[in-house]
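A.B. asks: coords below, sequence missing:
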């Protein structure tokens, strides 16, 4: 049995899991690990300009690739700076493993320099947070970390390794393959009796609707979702924040729900007599957790990998705990047996098509909007002309980028990324960089407002150094839009902290060594984006837009 340095043992354990990128900022407690990646081509350390950017990039990489990844950071603030991005990974179900190089054990619990209780700090935003107490146990606890990150509802973990367990330490052992210490092919089926109950309900539905959630993306079940909808003429609706879960060009697709989505979609949900919530939590963004969108008379069949989510937000007629793909296949088999020719539903299909047509007509009227600066709605039809079918789009928090939800189209899974109910402003640019590393074969675009962009714009330097060809679009309305709108409506227009004085973002990009573009007319947008996507290296496109605070999408029901 070979004996190796502790830092090398960490790196080899990561490589056994297929980790190709690690993200972080160098530190004295982690040099033992990081220097073992020197000169290697099979695993890379992406050194960012701030640890928050590292966590955001890791999130984007994991969500785009479907694979786990790692942040490596040093003691105290070096790891604490990850918190916002790891909280996003927790909300967004991303398997990001944090390896925190902590201070030596002699300095822990003595208020030593950079000594903090990192384990308890990270417990609320991870599936597991543990500290290693013995060098020989490092590989075992790395195995535990990946097991927890990749099991059931995926998410981040933290492994804290004190410095003295790494520096000058060696251990015995060869790296083990993942299948020797965790389940690698997990397709948990649903209970057969529950499947039959669901089929009986769905087969009799007059206005069925399939609400496809993030679990459908996680389990690669988009094909099953579409097949189920086609079998029963179900309206096909993505849960809020998951626009890419089903092809938006499908004849049964209406739009996305939520305040930034379409009122037409909310109408379809409210009219449905049976909802199949496949891989969905019935989250706040989709339903508001009241009866304004989901009708209290609607029967719900809920499928989720996490049994704790079943019936958590709405009463269910049938609850099925299981993997969305496995359960989707079970439902398809049982429905095809019960309805060999399917169950066409011309009346409901006509309603679906009418709602979808009304939405498209509403968006078409925005082509007539004019002004200088341009209205932000005018950006999106031009983007639709330029964005390739497989383009990955990351949407930052903020009013202007939020218009994307109802105005961009997606055809393939893992092409739409956002803040996943986390709401952290500034995530867009770094998550976009991570998506491009995760899927280098696909073009990548991020869309931010001016406020969010300056949160993490220093990572343009990382994009230039690492040659990551992300195209970043900054919609500059010179304000924090959501907050200014609130001060306008409810605080007598006493504006404070909401109006922004910005640099020229295209010139800022050029200072960093990236390409910069400044676009003032709608007819310039498509050609500029197409050119930036074809360029070698990162680009920033600034588009000045007028202040515009859109009303929330209407909801059809009375709140009770």
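C.D. replies: Thanks, I have it. Bear in mind that the values here come from a model prediction, so they are computed numbers and not experimental data.
A.B. asks: can I assume residue 421 is in contact with residue 284?
C.D. replies: Yes: counting by Cβ atoms under 8 Å, residue 421 sits close enough to residue 284 to count as a contact (7.2 Å). Using the backbone N, CA and C atoms, a C-beta is placed for each residue, glycine as well.
A.B. asks: Just the pLDDT for the residue nearest the centre of the chain.
C.D. replies: In the chain, the centroid-proximal residue (Cα atoms, centre = their mean) is residue 417; its distance is 4.4 Å. According to the model's per-residue confidence, residue 417 sits at a pLDDT of 98.
A.B. asks: Now for it: which residues touch it?
C.D. replies: With contacts defined as Cβ atoms under 8 Å, 6 or more residues apart in numbering, the neighbours of residue 417 are 60, 63, 64, 392, 393, 394, 395, 431, 432, 435.
A.B. asks: And it, its phi and psi?
C.D. replies: Note on residue 417: its backbone torsions stand at phi -140, psi 140 [degrees, to the nearest 10].
A.B. asks: Could you report the neighbour count for the residue nearest to it when sequence neighbours are not counted?
C.D. replies: Residue nearest to residue 417 in three dimensions, not counting chain neighbours: residue 394, with 4.3 Å by Cβ to Cβ, 6 or more residues apart in numbering. Here the neighbour count serves as a burial measure; for residue 394 (other Cβ atoms under 10 Å) it reads 32.
A.B. asks: Specify the local secondary structure of residue 394.
C.D. replies: Look at residue 394: counting by DSSP: H, G, I helix; E, B strand; the rest coil, its state is strand.
A.B. asks: okay but it is in contact with residue 415, surely?
C.D. replies: No: using Cβ under 8 Å, residue 394 and residue 415 do not qualify as a contacting pair, with a distance of 9.9 Å.
A.B. asks: picking up where we left off before, out of the contacts of residue 417, who's nearest residue 194?
C.D. replies: Nearest to residue 194 among those is residue 63, at 29.5 Å by Cβ to Cβ.
A.B. asks: and the helix or strand harbouring residue 196, what other elements does it pack with?
C.D. replies: Here residue 196 is covered by helix 192-203, with elements defined by DSSP states H and E. Judged by 3 or more Cβ pairs under 8 Å, 6 or more residues apart in numbering; DSSP states H and E, the packing partners of helix 192-203 are strand 274-278, strand 299-304, strand 318-321, helix 324-338.
A.B. asks: For it, which outside residues touch it?
C.D. replies: Identification of contacts with helix 192-203 by Cβ under 8 Å, 6+ apart yields 208, 232, 274, 276, 299, 301, 317-320, 327, 330-331, 334-335, 338-339, 343.
A.B. asks: go with 6 Å
C.D. replies: The set of residues that contact helix 192-203 without belonging to it, under Cβ atoms under 6 Å, 6 or more residues apart in numbering, is 274, 299, 301, 317, 318, 320, 330, 334, 335, 338, 339.
A.B. asks: Run through the bridge partners of the third one.
C.D. replies: Beta-bridge pairing of residue 301 under DSSP bridges involves residue 276, residue 318.
A.B. asks: Surely it touches residue 278?
C.D. replies: No: contact between residue 301 and residue 278 fails when scored by Cβ atoms under 6 Å: they sit 8.5 Å apart.
A.B. asks: still on that earlier bit, look up how far residue 442 lies from the residue nearest to the centre of the chain.
C.D. replies: For residue 417, the distance to residue 442 (Cβ to Cβ, to the nearest Å) stands at 12 Å.
A.B. asks: Please apply the same query to residue 90.
C.D. replies: Applying Cβ to Cβ, one obtains 25 Å for the distance of residue 90 from residue 442.
A.B. asks: Please apply the same query to residue 2.
C.D. replies: Residue 2 is 39 Å from residue 442, where distance means Cβ to Cβ.
A.B. asks: neighbour count winner among these two?
C.D. replies: For residue 2 versus residue 442, neighbours defined as other Cβ under 10 Å are more numerous around residue 442 (17 against 11).
A.B. asks: what's the more buried one in contact with, if anything?
C.D. replies: Contact analysis of residue 442 by Cβ under 6 Å, 6+ apart lists 390, 392.
A.B. asks: neighbours of residue 422, just the number please.
C.D. replies: Residue 422: 18 surrounding residues under other Cβ under 10 Å.
A.B. asks: show me the contacts for it.
C.D. replies: Shown in contact with residue 422 (Cβ under 6 Å, 6+ apart): 88, 91.
A.B. asks: That one looks like it's in a strand, true?
C.D. replies: No: the assignment for residue 422 (three-state DSSP) gives coil, which keeps it out of a strand.
A.B. asks: What ranges does the stretch 351-500 of the chain have for its strands?
C.D. replies: Across the stretch 351-500 of the chain, reading from the start of the chain, the strands by DSSP state E, counting those that start in this stretch fall at 392-395, 416-417, 444-449, 471-476.
A.B. asks: that older thread, my guess is the residue nearest to residue 417 meets residue 429, correct?
C.D. replies: No: under the criterion of Cβ under 6 Å, residue 394 makes no contact with residue 429, lying 8.0 Å away.
A.B. asks: got the residue ranges for the helices in the stretch 451-560 of the chain?
C.D. replies: Defined through DSSP state H, counting those that start in this stretch, the helices belonging to the stretch 451-560 of the chain, from first to last, are 460-466, 481-490, 505-512, 522-534.
A.B. asks: Just name the most buried of those.
C.D. replies: Per-stretch averages of neighbours, counted by mean count of other Cβ atoms under 10 Å, single out helix 460-466 among these, with a mean of 21.
A.B. asks: Which elements pack onto that one?
C.D. replies: Under the contact criterion of 3 or more Cβ pairs under 6 Å, 6 or more residues apart in numbering; DSSP states H and E, helix 460-466 touches helix 505-512.
A.B. asks: give me that answer again for 10 Å
C.D. replies: Contacting helix 460-466 under the criterion 3 or more Cβ pairs under 10 Å, 6 or more residues apart in numbering; DSSP states H and E are the following elements: strand 44-47, helix 51-65, helix 427-438, helix 505-512, strand 539-544.
A.B. asks: What is the distance between the longest one and the centre of its chain?
C.D. replies: Okay, so that is helix 51-65. Once both centres are worked out by Cα atoms, centre = their mean, to the nearest Å, helix 51-65 turns out to sit 10 Å from its chain's centre.
A.B. asks: and the angle from it to helix 427-438?
C.D. replies: In terms of direction (axes from the mean of the first three to the mean of the last three Cα atoms, to 10 degrees), helix 51-65 departs from helix 427-438 by 50 degrees.
A.B. asks: which residues do residue 394 and residue 429 both contact?
C.D. replies: Applying Cβ atoms under 10 Å, 6 or more residues apart in numbering, one finds that residue 394 and residue 429 are jointly contacted by 56, 60, 446, 447, 448, 470, 472.
A.B. asks: show me the contacts for the third one.
C.D. replies: Taking Cβ under 10 Å, 6+ apart as the criterion, residue 446 is in contact with 60, 392-396, 401, 417, 427-433, 435-436, 452-453, 470-474, 540.
A.B. asks: Nearest residue to residue 12 in space, please, no chain neighbours.
C.D. replies: Spatial nearest neighbour of residue 12, chain neighbours left out: residue 175 (4.3 Å); criterion: Cβ to Cβ, 6+ apart.
A.B. asks: Is that neighbour in contact with residue 138, as I believe?
C.D. replies: No: taking Cβ atoms under 10 Å as the definition, residue 175 is not a contact partner of residue 138, at 11.7 Å.
A.B. asks: Neighbour count: those two, which is higher?
C.D. replies: Higher neighbour count among residue 175 and residue 138: residue 138, with 23 against 17, using other Cβ under 10 Å.
A.B. asks: mind checking the backbone torsions on the more buried one?
C.D. replies: When quoted as degrees, to the nearest 10, the phi and psi of residue 138 stand at phi -60, psi -50.
A.B. asks: hang on, it packs against residue 11?
C.D. replies: No: the pair residue 138 and residue 11 fails to qualify as a contact (Cβ under 10 Å) at a distance of 11.2 Å.
A.B. asks: what about the nearest residue to residue 339 once chain neighbours are set aside, how many residues close to it?
C.D. replies: Using Cβ to Cβ, 6+ apart and skipping the chain neighbours, the partner closest in space to residue 339 is residue 203 (6.0 Å). Residues within reach of residue 203, counting by other Cβ under 10 Å, total 16.
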